[in-house]
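>>> A structural model of the following input is requested.
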Amino acid sequence: MKTLATANLLFVFAVCIGLAQDPMPIAEVKKLDFGTTISKVAGRVTASDQFRNIAFIQDETAGIVIFNSAFIQAVEVGDSVVIEDATLIEFGQTTGAPGTGYTELAGTGLRFTVVPVEREEPRARTTTIPLIGESTEGSLVRLRRVKFQESGAFQGEVTYYINDSFGNEMPVRLYGSTEIAINALEIPKDEVDLIGCVSQFRGAYQILPRFASDIGLSVEEDTVSRSRTLDITTWNLEWYGSTDTTQGPRDKQRQRRSIRQVMDSTRADVYALQEVLTQEALDALSDSLQGSYANLFASAVPSTQKMAYIYNTETITPITNGLAVNGGSQAWAGGRYPFRLTFDATIDGITRRMVIFNIHGKATGDTTAQEDYQRRKADAETFHQYLADFYSDTTAFVIGDYNDVLTKSVVDSTLPSPYKIFLDDVARWWSPTLPLEERGLKSYVGFSGQFLDHVLATNDAAPFHHRTYLESPQAYLSSYSSTVSDHLPVTSRYFASPVTNVHEGASAPTALVRLAPNPMIDHGMAEITVPDGGHVQVALITPMGQALELVNEVVPAQIRVVQLPVQDLASGRYTLRVMIDRAITTLPVMITR
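Modelled structure (predicted):
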């Protein structure tokens with residue numbers, strides 16, 4: 001036994017010694033001409049798959065980018081690696097200006113070995129913004145006490161800016177594949193110590209943060225299985241089914257493959273789709289998905305771009321479908337009426353009937369902006385009355401590409417949203433996507449960047465709401481906006497019934513919550529029993545999805561009485577959310593006047 005252990009130890013030692021022979025320092029490598037074959041370098045991995053298609057390593061002298069898909073998939077941050085027979089190249093440089101991009105090791109001959117030694121957390125080198133340059137490119141650095149210029153939430157494939165206390169500025173590029181972007185984490189309001197890899201693009205140096213902890217944040221994992229929720233996704237597929245390369249992405253096969261990849265990843269119960277051109281293209285997509293999916297196509301829409309549904313036959317049973325015809329001859333872009341789907345959803349053993357209206361609002365033209373706004377406004381107002389007349393007692397969702405925002409209008413920031421009539425009707429409607437827009441996120445990732453893809457829901461859906469978010473296909477698809485769609489998918493998740501603990505397997509104690517009175521007219525309170533103490537967070541969720549924070553503190557075991565700000569609130573259906581550590585209790589609150 002000792003002989004075998006000794007032999008293994010000697011083998012590992014021999015491998016390490018052999019691999020470590022004569023590696024060239026990375027700082028020396030970066031002085032060589034592009035196109036040079038590098039026989040051997042060694043270093044520690046500072047970024048593996050966080051940036052989708054590039055990784056970073058560094059040694060004691062410098063850092064460098066590695067462009068090799070096998071390497072990215074095989075290594076972890078902290079691994080000690082040896083790279084051999086790589087080609088030194090430059091990427092992202094300005095045409096005719098070498099040295100304005102970042103230096104990387106790539107090439108078909110590149111070979112690598114993960115040295116069998118203990119993984120270690122790579123050390124970030126503390127520096128300052130003025131010292132970021134060629135000597136730090138490729139390295140993991142730390143910038144102390146910097147502040148972001150922007151506010152709201154982070155989104156992938158966006159460049160943000162930081163300043164130090166002296167006013168120096170530095171771009172921070174956020175990859176869509178980072179956990180920061182995937183979870184749309186809040187941009188810090190205060191000074192932070194920022195960690196990231198230094199890159200360069202067309203002569204501008206930039207910092208690439210890898211993890212939430214690189215900017216002083218943390219991620220709370222959503223542990224709720226998709227089998228426990230009804231997942232509804234809206235997605236504009238940008239001319240899907242067109243054979244004209246001037247309409248939407250040029251590579252149509254790549255577009256279809258990418259859409260399928262996203263759907264196989266998200267696995268929603270219902271996809272409400274816009275800009276689908278043909279039944280044939282829709283069939284090709286739904287038939288290619290993993291699982292059991294079927295589709296419905298709004299063939300009666302007179303325009304080329306039509307709406308469609310793809311749904312999971314194991315959870316969704318269509319009852320009826322058709323166009324919700326309302327308004328005059330010019331309504332809904334001349335006949336692109338909301339596409340209704342009435343269905344039974346069976347989730348977690350419970351079946352409920354509800355209806356979705358898939359809309360594609362009138363687009364805004366360069367010379368007809370005011371007219372288009374008025375037409376969208378008239379459509380929304382007529383449709384709101386239509387729903388009040390025929391679906392007042394139905395759980396309903398209005399979901400799709402609104403071609404406008406909810407906080408104002410894309411035509412003129414001084415104009416109210418054309419969908420304001422829904423937002424004003426707090427006794428009936430709320431929007432789970434409005435908070436995403438208010439946080440600065442964008443579902444339309446084309447030239448102007450706006451949050452155009454929204455969800456409106458009747459208030460009776462609010463107590464069942466789990467979460468609503470932008471999907472993050474940029475995490476695994478490069479050049480998304482030019483090869484897949486100029487809109488991101490937006491998903492809204494709902495439980496089959498109100499639940500007390502949304503974290504599966506969580507050991508945190510749940511709260512006993514009592515409301516009095518309910519309904520509330522001019523006052524109200526919540527009595528919260530905290531059995532074992534913990535971090536208590538209490539919020540009142542408005543009909544429009546806004547969270548009004550009431551309590552956020554660590555407390556011992558106690559019975560806590562929280563006064564609700566009823567006198568300051570409009571009539572409507574609210575949700576009280578009580579969180580103790582990782583356990584959540586929700587209760588409906590009705591306020592009447």
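
>>> how about the helices of the stretch 201-350 of the chain, start to end?
Ranges of helices in the stretch 201-350 of the chain, per DSSP state H, counting those that start in this stretch, are 252-266, 279-288, 331-335.

>>> With mean neighbour count as added columns, please give the ones you listed in a markdown table.
Every C-beta, even on glycine, is put in place using the N, C-alpha and C of the backbone. Shown next, in a markdown table, are these (neighbours: other C-beta atoms under 10 Å):
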| stretch | mean neighbour count |
| --- | --- |
| helix 252-266 | 17 |
| helix 279-288 | 16 |
| helix 331-335 | 19 |
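
>>> Of all the residues in the longest helix along the chain, which ones are buried?
When the chain is parsed with DSSP state H, its longest helix is helix 369-390. Residues of helix 369-390 classed as buried by neighbour count (16 or more other C-beta atoms under 10 Å): 372-373, 375-384, 386-387.

>>> helices or strands up against that helix?
With contacts taken as 3 or more C-beta pairs under 8 Å, 6 or more residues apart in numbering; DSSP states H and E, helix 369-390 sits against helix 331-335, strand 350-360, strand 396-401, helix 420-424.

>>> Give me the sheet partners of the longest one and which way each runs.
For strand 350-360, sheet partners with direction are given as strand 339-347 (antiparallel), strand 396-401 (parallel), following DSSP bridges.

>>> Highest mean neighbour count out of those strands?
strand 396-401 (a mean of 25; mean count of other C-beta atoms under 10 Å).

>>> how far does it sit from the chain's center?
The chain centroid and the centroid of strand 396-401 are separated by 19 Å under C-alpha atoms, centre = their mean, to the nearest Å.

>>> Stretch 176-190 too?
On C-alpha atoms, centre = their mean, the centre of stretch 176-190 falls 9 Å from the chain's centre.

>>> Export that stretch to CSV, keeping only CA atoms.
Provided in CSV are the C-alpha atoms of stretch 176-190 (Å, rounded to 0.1, in the frame of the first residue of the first chain):
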residue,chain,number,x,y,z
GLY,A,176,-24.4,38.3,-20.3
SER,A,177,-23.0,35.0,-19.1
THR,A,178,-22.1,36.3,-15.6
GLU,A,179,-24.2,35.6,-12.6
ILE,A,180,-24.5,39.4,-12.2
ALA,A,181,-26.3,39.8,-15.5
ILE,A,182,-28.3,36.6,-15.3
ASN,A,183,-29.8,37.6,-11.9
ALA,A,184,-30.2,41.3,-12.9
LEU,A,185,-28.5,42.3,-9.6
GLU,A,186,-28.9,45.8,-8.3
ILE,A,187,-26.2,48.3,-9.2
PRO,A,188,-24.5,49.4,-5.9
LYS,A,189,-25.3,52.9,-4.8
ASP,A,190,-22.3,53.3,-2.6
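
>>> what distance separates stretch 407-415 from the middle of the whole chain?
Between the mean C-alpha location of stretch 407-415 and the chain-wide mean there is a distance of 24 Å, by C-alpha atoms, centre = their mean.

>>> and that stretch, which residues are buried?
Per 16+ other C-beta under 10 Å, stretch 407-415 contains these buried residues: 409-411, 415.

>>> can you tell me the distance between the two ends of that stretch?
Stretch 407-415 has its terminal residues 9 Å apart, counting by C-alpha to C-alpha, to the nearest Å.

>>> Also stretch 429-440?
Across stretch 429-440, the terminal residues are separated by 22 Å (C-alpha to C-alpha).

>>> what's the answer for stretch 496-515, then?
Start to finish, the residues bounding stretch 496-515 are 22 Å apart (C-alpha to C-alpha).

>>> if you average pLDDT over that stretch, what comes out?
For stretch 496-515, mean pLDDT is 59.

>>> same deal with stretch 39-57?
97.

>>> before we move on, the earlier item: which two from the buried residues of stretch 407-415 end up farthest apart in space?
Greatest spatial distance among the buried residues of stretch 407-415 (C-beta to C-beta): Val410 and Leu415, at 9.2 Å.

>>> what ranges of this protein fall below the confidence cut-off?
Within the chain, the stretches falling below the threshold (pLDDT under 70) are 1-21, 498-511, 543-545, 582, 593.

>>> what about the residue lying closest to Val276 once chain neighbours are set aside, neighbour count?
Of all residues not flanking Val276 in the chain, Ala308 sits nearest, at 4.3 Å (C-beta to C-beta, 6 or more residues apart in numbering). Applying other C-beta atoms under 10 Å, we find 28 other residues in the vicinity of Ala308.

>>> And Leu406, by the same measure?
Counted with other C-beta under 10 Å, the neighbours of Leu406 add up to 24.

>>> ok, now which ones touch it?
Contact analysis of Leu406 by C-beta atoms under 8 Å, 6 or more residues apart in numbering lists 417, 419, 423, 431, 433-434, 437, 451, 454.

>>> Among the residues you listed, which lie within strands?
Those of the contacts of Leu406 mapping onto strands are His454, per DSSP state E.

>>> nearest to Arg111, of the contacts of Leu406?
Nearest to Arg111 among the contacts of Leu406, with distances taken as C-beta to C-beta, is Phe451, at 46.1 Å.

>>> returning to what we had before: need the strands paired with strand 350-360 in CSV (columns: distance to Thr113).
Below are the strands paired with strand 350-360 laid out as CSV (distance: least, C-beta to C-beta, whole Å):
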stretch, distance to Thr113
strand 339-347, 49
strand 396-401, 50
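
>>> so which of those strands gets nearest Gly533?
strand 339-347 (33.9 Å).

>>> How far away from the center of its chain is the closest one?
25 Å.

>>> Using CSV, list the CA coordinates for it.
Below are the C-alpha coordinates for strand 339-347, written out as CSV (Å, rounded to 0.1, in the frame of the first residue of the first chain):
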residue,chain,number,x,y,z
PHE,A,339,-54.7,36.5,-30.0
ARG,A,340,-56.7,34.9,-27.2
LEU,A,341,-56.0,31.5,-25.6
THR,A,342,-58.4,30.1,-23.0
PHE,A,343,-56.9,27.1,-21.4
ASP,A,344,-56.7,24.8,-18.3
ALA,A,345,-53.3,24.7,-16.6
THR,A,346,-52.6,21.7,-14.4
ILE,A,347,-49.7,22.6,-12.1
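
>>> Report the contact partners of the residue lying closest to Pro565 once chain neighbours are set aside.
Distances taken as C-beta to C-beta, 6+ apart put Leu548 closest to Pro565, at 7.0 Å, once the chain neighbours are dropped. Listed by C-beta under 8 Å, 6+ apart, the contact set of Leu548 reads 539-542, 565.

>>> Identify, from the buried residues of helix 369-390, the entry nearest to Lys31.
For the buried residues of helix 369-390, the nearest to Lys31 is Asp372 (57.4 Å; C-beta to C-beta).
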